[in-house]
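1. Generate a structure from the sequence data that follows.
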Amino acid sequence: MFQRLAASIALGLALTGTAMAETDIRFTLGWKTQGSDAPMLLALSKGYFKQEGLNVTIDQGEGSGATVTRIMSGTYDAGFGDINAIIQNAATRPEETPVMVYQMWSVPPFAVSSRKETGIQTPADLVGKVLGGSQGTPTTRLIAVLARKNGIDPDQLQVTNMAPNLQEPMLIKGDIDGALVFTITGWFNLVNNRQDPEADYNWLNFGDFGLDLYSNGVMVSRRLIAENPDAVRGLVRAINRAAIEIGTDPAAGAEAIIAYDNLAKADLERDRMIFAYERLMQSDESARIGLGDLDDARLARSIDIVAEGYELPTKPEVAAVFTREFLPPLDDRKLVYTPQ
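-> Got it, this is the predicted structure:
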């Protein structure tokens, strides 16, 4: 009797010890709370991280490019950000740069938004127009590459530097002809300004004219990969589980956004989440290889494009930017999206 009781107590202590031995992961979003963060926020609210033995703390970000530098500083272990920022930093600091482990946006969000009356539909239409861009952002840095790939002298483009928050107001007023934006940001900035981005604006998407880049996904520090690969695997598994779930239950993703930040605009961020699924995550490629993965040859071409646009001293190898080592099986990453 006593032996059985002692064994039960020992087992209970062992189980308690196991439950307490969670791995802490500090995770940074790409910006303030947005609908596109829903997979991470659903994994948090539904306890999917906990089920993987992880204690994940999620903080708001300062820009999808800043996710990389936040992780490089050691303040964060992982985050949601732009793979092109990994490419830039891996060119000079490859041992410190985080690695993309779950590529979420298969379609690039880089675009020129313009009022339809300006007639901007192709790169040739940009000549003679006044464009507004924020210095250092991928769209602004890559506009010259877009021009060259389409037979246009970049010197024929007139780009005015401005703060990101001025782009849509100046576009609406007609002070600029086109804004160099992220679609998922510019679209909803226009909505916030009581505009109809579908009916009244054109969107010249870089991916349609030779700059078929990747963009946001989940990246982790090299230290975490080296010290605790199982934690990385669990992090990816939890986020993928939530991302796939939102595909058939978008309402769950919308609820997770507000559960994380009750000051977020519920309708706007729900629509932004749907925009991400319909226009950035779904593609022929993601249907073939699943969420989280990417095509190595396409990434190699992307590295060439980023190296040209940012005048990088070296070109990092694909393996220095992305690894599929931690991805769940393909069958678990097949996105079935049900529009609401």
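
2. In stretch 128-145, which residues are buried?
-> Buried residues in stretch 128-145, counted by 16 or more other Cβ atoms under 10 Å: 129-134, 137-145. Yep, even glycine has a C-beta here, placed from its N, CA and C like the rest.

3. Over to stretch 168-179?
-> Across stretch 168-179, burial judged by 16+ other Cβ under 10 Å covers 168, 170-172, 176-179.

4. quick one on the thing from earlier: inside helices: which ones of the buried residues of stretch 128-145?
-> Counting by DSSP state H, the part of the buried residues of stretch 128-145 found in helices is 138-145.

5. Closest to residue 111 out of the residues you listed?
-> Closest approach to residue 111 among those (Cβ to Cβ): residue 139, at 7.0 Å.

6. Is it correct that that closest one is in contact with residue 145?
-> No - the criterion here is Cβ atoms under 8 Å, and residue 139 misses it with residue 145 at 10.8 Å.

7. can you give me the strands for the stretch 201-340 of the chain?
-> 201-205, 216-220 (DSSP state E, counting those that start in this stretch).

8. most packed of those?
-> strand 216-220 (a mean of 26; mean count of other Cβ atoms under 10 Å).

9. Counting by contacts, list what that one packs against.
-> helix 66-72, strand 78-82, helix 83-90, strand 99-103, helix 229-248 (3 or more Cβ pairs under 8 Å, 6 or more residues apart in numbering; DSSP states H and E).

10. quick one: average pLDDT of it?
-> Confidence over strand 216-220 (mean pLDDT, whole number) is 97.

11. Mind listing the strands that strand pairs with, and their directions?
-> strand 78-82 (antiparallel), strand 99-103 (antiparallel) (DSSP bridges).

12. of all these, which lies closest to residue 152?
-> strand 78-82 (25.1 Å).

13. what sits against residue 110?
-> Counting by Cβ atoms under 8 Å, 6 or more residues apart in numbering, residue 110 touches 138-139, 142, 181-183, 205-207, 211, 213, 215.

14. if you set the cut-off to 6 Å instead, what comes out?
-> For residue 110, the contacting residues are 138-139, 206, by Cβ atoms under 6 Å, 6 or more residues apart in numbering.

15. cool, and residue 158?
-> Residues near residue 158 by Cβ under 6 Å, 6+ apart: residue 130.

16. switch to 10 Å and redo it
-> Going by Cβ atoms under 10 Å, 6 or more residues apart in numbering, residue 158 touches 126-132, 176-177.

17. Can I get the buried residues of stretch 168-179 in a markdown table including distance to residue 93?
-> Shown next, in a markdown table, are the buried residues of stretch 168-179 (distance: Cβ to Cβ, whole Å):
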| residue | distance to residue 93 |
| --- | --- |
| 168 | 34 |
| 170 | 36 |
| 171 | 36 |
| 172 | 40 |
| 176 | 35 |
| 177 | 38 |
| 178 | 34 |
| 179 | 31 |
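
18. wait, residue 65 sits on residue 82?
-> Yes - with contact defined as Cβ atoms under 10 Å, residue 65 reaches residue 82; the gap is 5.4 Å.

19. got any residues that touch both of these two?
-> 30, 88, 137-138.

20. which of those lies closest to residue 117?
-> Looking across the shared contacts of residue 65 and residue 82 and measuring by Cβ to Cβ, the closest to residue 117 is residue 137, at 25.4 Å.

21. what's the spacing between that closest one and residue 307?
-> Residue 137 sits 17 Å away from residue 307, going by Cβ to Cβ, to the nearest Å.
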